[in-house]
Structures are given as C-alpha cells and as structure tokens.
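Colleague: Compute the structure for the input listed below.
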Amino acid sequence: GILASIIGSLIITYHNIWEWNWRVMVTIYGWLALTEGILVLIFPRIVSWIKPLMSPRGIDYVILPISLILGLIFTYFGFLN
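Modeller: Okay, the predicted model is just below:
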C-alpha cells in the first residue's frame, strides 16, 4: 500500500496532465495507483478478504494482456513519438 501510494503520488506530482491525448493515460494510472495504495492502507482487511477471490489463473489472463498493451503504448509514445 505504501509503495503504490508513493508511486501514485509521484506520478500525479510530476505528470498531472489532463489533455485529450495519450498523456492522460499516465495521469489516470497515477490516480489509480494512489487510490489503490490509500485503500490498502485504510482497509487492509477488505483487501485481504478480496485477494483470495482473485484466483491467479483467472486474473492473470486478463491483467497480462492489458499490462502488455499499455506497456507497448507507453513505450511507443514515450520513446518513438
């Protein structure tokens, strides 16, 4: 929770851009990370209760392609564009 809060707050501090282009995805990711970190710190029992419901088999098939696609998009716009 602390690490997610730190990463989210750093992204929000240095990259809080609300323009209608690819940069808003980084800002939204920062806000999501900050929200997740705060929720984990405030409600640790709820998070520990939800964690077993998210089986690695089902969630990995969803999170892996989304993470890969977002990584490729950020790489393209960050380094090539």
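Colleague: what's the weakest-modelled helix or strand in this structure?
Modeller: Lowest by mean pLDDT, DSSP states H and E among the helices and strands of the chain is helix 44-50, with a mean of 74.
Colleague: contacting residues around that one?
Modeller: Here helix 44-50 makes contact (Cβ atoms under 8 Å, 6 or more residues apart in numbering) with Gly1, Leu39, Val40. Every residue, glycine included, has its C-beta placed from N, CA and C.
Colleague: Tell me the buried residues within these.
Modeller: By neighbour count, with 16 or more other Cβ atoms under 10 Å, the contacts of helix 44-50 hold Val40 as buried.
Colleague: Can you convert the contacts of helix 44-50 into TSV and add a column each for secondary structure and pLDDT?
Modeller: Shown next, in TSV, are the contacts of helix 44-50 (DSSP: H, G, I helix; E, B strand; the rest coil; pLDDT from 0 to 100):
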residue	secondary structure	pLDDT
Gly1	coil	83
Leu39	helix	87
Val40	helix	86
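Colleague: Show me where this structure dips below the pLDDT cut-off.
Modeller: 49-60, 81 (pLDDT under 70).
Colleague: just the helices in it please.
Modeller: In the chain, helices defined by DSSP state H lie at 2-14, 23-42, 44-50, 56-75, listed in chain order.
Colleague: and the shortest one, how far from the chain's centre?
Modeller: Okay, so that is helix 44-50. 18 Å (Cα atoms, centre = their mean, to the nearest Å).
Colleague: Likewise for the last one?
Modeller: Here the centre of mass of C-alpha atoms in helix 56-75, compared against the chain's by Cα atoms, centre = their mean, lies 11 Å away.
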